[in-house]
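Participant: Predicted structure and sequence below. I'll ask about it afterward.
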Amino acid sequence: MPIVRHSNWAVKLMICITACIAVIVSVAYCAARFEQNRADRLIGLLSNVMPGVTSQESIKTMFESKSFLTGNSNVCQKYHMRNCDQFVFTNKLLAFLHIASSKQVWVTLDYRNGVVVSKSVQFAEDPRIGAVTRQLLRDIGPLPVGAATSSRTITVAIADSQNAIVKVYDDESVSTDQRQRDWQVDLSCLSRIGACSDPRVILPGAFPRD
């Protein structure tokens, strides 16, 4: 009988530990999903922003009216010599628990003379997975190597599942429809448990699948 009691206690302990682990993982996943949703909302909000046309004042007004940005620090406030807004979204808890590799999303707007001159979304995952979509005025460059005559430049550097970078740059001469497609971003990887080996999936408008 004592052996049975000991066995029952061990089973209850294991159930308790398993339940605690499940709760912790769920909390970490929900936190990452919350960050993903905030980033998605911001990217959607900026979908109609046009470099060279949209004013900095209108962006400021838009941000002030959206409470979901409250508590998400504007990184550019730390840079006295740079006129921009930049917000960062991460999977901090999943990475801390080593359930997923560290992943970050930066959404950035750069201004000059009171007008947006560049907007971008950058996704990065350790060790070296990345995807960038950027729309900018051509004269603020620099565009990637090989972009001397092209208004839309795509860079693909995929070595293996741990070393893959894709970039899409559009200047003001690219059609509105194409720029809208290039601005489509799939951030489901941010809350994924595990790695994201192909960054082209993050930009489905620029890299459509068959």
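Facilitator: Perfect, thanks for sending it. Residues are numbered from 1 along each chain as shown.
Participant: next SSE after the lowest-mean-pLDDT helix or strand in the chain?
Facilitator: Within the chain, no helix or strand scores below helix 2-45, which has a mean of 85 by mean pLDDT, DSSP states H and E. The first helix or strand that comes after helix 2-45 along the chain, using DSSP states H and E, is helix 56-64.
Participant: Also compute the angle for that following helix relative to helix 2-45, please.
Facilitator: 150 degrees (axes from the mean of the first three to the mean of the last three C-alpha atoms, to 10 degrees).
Participant: mind saving the C-alpha coords of helix 56-64 as CSV?
Facilitator: Listed next in CSV are the C-alpha coordinates belonging to helix 56-64 (Å, rounded to 0.1, in the frame of the first residue of the first chain):
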residue,chain,number,x,y,z
GLN,A,56,4.7,63.5,-41.3
GLU,A,57,1.9,65.4,-39.5
SER,A,58,-0.8,63.0,-40.9
ILE,A,59,1.3,60.1,-39.6
LYS,A,60,1.5,61.7,-36.2
THR,A,61,-2.2,62.2,-36.1
MET,A,62,-2.8,58.6,-37.1
PHE,A,63,-0.5,57.3,-34.4
GLU,A,64,-2.1,59.4,-31.7
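Participant: Now it: buried residues?
Facilitator: Residues Gln56, Ile59, Phe63 are the ones in helix 56-64 that count as buried (16 or more other C-beta atoms under 10 Å). C-beta coordinates here come from the backbone N, C-alpha and C atoms, glycine included.
Participant: Format those as CSV; extra columns: pLDDT.
Facilitator: Below are the buried residues of helix 56-64 laid out as CSV (pLDDT from 0 to 100):
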residue, pLDDT
Gln56, 95
Ile59, 93
Phe63, 85
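Participant: do you know how far Thr90 is from Pro51?
Facilitator: With distances taken as C-beta to C-beta, to the nearest Å, Thr90 is found 26 Å from Pro51.
Participant: Kindly report the same for Val25.
Facilitator: 41 Å.
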